[in-house]
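Novice: using only what follows, build the 3D model:
(chains A and B)
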2 protein chains.
Amino acid sequence: MEKEELHEEALGKLNIKGANVSPAVIKRLPRYFRYLRELIRNGRMRISSGELSELMHVTASQIRQDLNCFGGFGQQGYGYNVNYLYAKVCEILGVGEGFSAIVIGAGNLGRALVRNPMFEKRGVDIVAMFDVSPEVIGRTVADIPVLAMDQLESFCRERKVDMAVLTCPKENALEAAEQLVTLGIKGIWNFTGKELDHLAPHTVVENVHIGDSLMTLCYEMRALEEKDDQK
Amino acid sequence: MEKEELHEEALGKLNIKGANVSPAVIKRLPRYFRYLRELIRNGRMRISSGELSELMHVTASQIRQDLNCFGGFGQQGYGYNVNYLYAKVCEILGVGEGFSAIVIGAGNLGRALVRNPMFEKRGVDIVAMFDVSPEVIGRTVADIPVLAMDQLESFCRERKVDMAVLTCPKENALEAAEQLVTLGIKGIWNFTGKELDHLAPHTVVENVHIGDSLMTLCYEMRALEEKDDQK
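Specialist: From the prediction side, this is the model:
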């Protein structure tokens, strides 16, 4: 509780909205978020760039450079204030903006996602799931109701919905996304494998390609094999 | 069929193993893989860097730079050979190495993953799933048998298993990973949220943090809101 209050207090004092933070740093911030969160959970108040560097397997100079971008200046021999940094990262990334989300598709992936604590940790509130299958409509998953796809329009008109998590089959992805844009959804988190770039000017799309990460793993496994073979 | 043969033929002629390709290019290759795959599916044989640039929303000079790294030289007015590029990307990334994989955890995420065609598309063969719950042990998911966790050791000793997809609860992740290392698993695709970096010198770990992508989306949604507010 006390830690949460510290976080709230720190957040209240901040007003820079990440305007001067480069896209490259923004990309690295979710990782800082995770490590800083873990440090707070473990009761740490201060950390040096050297220690953070060792923990995150990033050079200390990279860390100093990243954190200085948003005024997280560490003091020599004293280190960084963990709560301040965490609050700053949260603020820049928009954690705690109170976004509400719906999930399109209540299959295995949709169900796995709503059960994952990441939404809650990042301040995103899932309010409903939508599916076309009569087998799942009317049920709940982790207390989230599964509604019929033809209720989507009225639901979004009645309630404020900011974000949609798209887990429907690839062949239905474009149609669903276009409907979501029409309904004023501002962000689509797209797991369908269908590229949805440049869908609409006022809707942000984040395409997740899990398979890309599988390929990176295959590449690294092969590279390791070759290295071992050369020995 | 014919396209597959073309791909096989092209692969046979290659012998560079990506030794001279920079890590930055390697990171971008899975995206080329997806787009080139789609082009082949649509029967395209050649493409110019300009057209590929438009399709992928990357500058043409970036594309030329990336593809020239591994000898994918396009000819002026003629463009790139799509099959050759695809085969080259596959080869560098280790697609078609014939890796076999097991999935630890047959919950929603594990089930969603084995049903995803990405493994087949990338030449990774899932041979079994493992779980501790009597409710799922003995069942099959997409024709993959779900075995008990205490069968893991004998299974891995009897069969060649290269890779493990870790979808068990976070609190069991480290123990499971250490067992997998002992059993000679060379690659762990880690969805547990537990950081498993530097686990063992001969096991590669690819940590998937889906939440990082959610944060990027939140950031971009907030940035768009601010831009709109300023108008």
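
Novice: what number of residues lie near A:R37?
Specialist: Counted with other CB atoms under 10 Å in any protein chain shown, residues neighbouring A:R37 total 17. C-beta: built from backbone N, CA, C; applies to glycine.

Novice: which outside residues touch the host helix or strand of it?
Specialist: Using DSSP states H and E, A:R37 maps to helix A:23-41. Residues from elsewhere that reach helix A:23-41, judged by CB atoms under 8 Å, 6 or more residues apart in numbering or on different chains: A:3, A:7, A:18, A:21, A:47, A:52, A:55-56, A:66-67, A:69-70, A:82-83, A:85-86, A:89-90, A:92-93, A:95, A:121, B:195, B:209, B:211-212, B:215-216, B:219.

Novice: return the distance of it from the chain's centre.
Specialist: On the basis of CA atoms, centre = their mean, to the nearest Å, helix A:23-41 is displaced by 11 Å from the centre of the chain it belongs to.

Novice: for it, buried residues please.
Specialist: Of the residues in helix A:23-41, A:25-26, A:28-37, A:39-40 count as buried by neighbour count, 16 or more other CB atoms under 10 Å in any protein chain shown.

Novice: present the residues you listed as JSON lines; the columns should include pLDDT.
Specialist: Rendered in JSON lines, the data for the buried residues of helix A:23-41 read as follows (pLDDT from 0 to 100):
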{"residue": "A:V25", "pLDDT": "86"}
{"residue": "A:I26", "pLDDT": "86"}
{"residue": "A:R28", "pLDDT": "89"}
{"residue": "A:L29", "pLDDT": "91"}
{"residue": "A:P30", "pLDDT": "92"}
{"residue": "A:R31", "pLDDT": "91"}
{"residue": "A:Y32", "pLDDT": "92"}
{"residue": "A:F33", "pLDDT": "92"}
{"residue": "A:R34", "pLDDT": "91"}
{"residue": "A:Y35", "pLDDT": "92"}
{"residue": "A:L36", "pLDDT": "92"}
{"residue": "A:R37", "pLDDT": "90"}
{"residue": "A:L39", "pLDDT": "93"}
{"residue": "A:I40", "pLDDT": "93"}
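
Novice: stretch A:91-110: end-to-end distance?
Specialist: One end of stretch A:91-110 sits 28 Å from the other (CA to CA, to the nearest Å).

Novice: typo on my end, it should be stretch A:135-155
Specialist: Terminal residues of stretch A:135-155 are spaced 20 Å apart (CA to CA).

Novice: give me the mean pLDDT for it.
Specialist: In this model, stretch A:135-155 carries a mean pLDDT of 96.

Novice: excluding covalently adjacent residues, which one is nearest to A:F99?
Specialist: Once flanking residues are discounted, A:F99 sits nearest to A:D162: 4.3 Å by CB to CB, 6 or more residues apart in numbering or on different chains.

Novice: now that neighbour: how far from A:D66?
Specialist: Taking CB to CB, to the nearest Å as the measure, A:D162 and A:D66 are separated by 28 Å.

Novice: any idea how far chain B is from A:R37?
Specialist: 10 Å (CB to the nearest CB, to the nearest Å).

Novice: ok, A:R222 next?
Specialist: As for A:R222, its distance to chain B is 4 Å (criterion: CB to the nearest CB).

Novice: also A:A112?
Specialist: As defined by CB to the nearest CB, A:A112 lies at a distance of 4 Å from chain B.

Novice: domain assignment for chain A?
Specialist: The record, using automatic domain parsing to delimit domains, assigns chain A the ranges A:2-93, A:100-211.

Novice: how far away from the center of its chain is the shortest one?
Specialist: Put simply, domain A:2-93 sits 17 Å off its chain's centre (CA atoms, centre = their mean).
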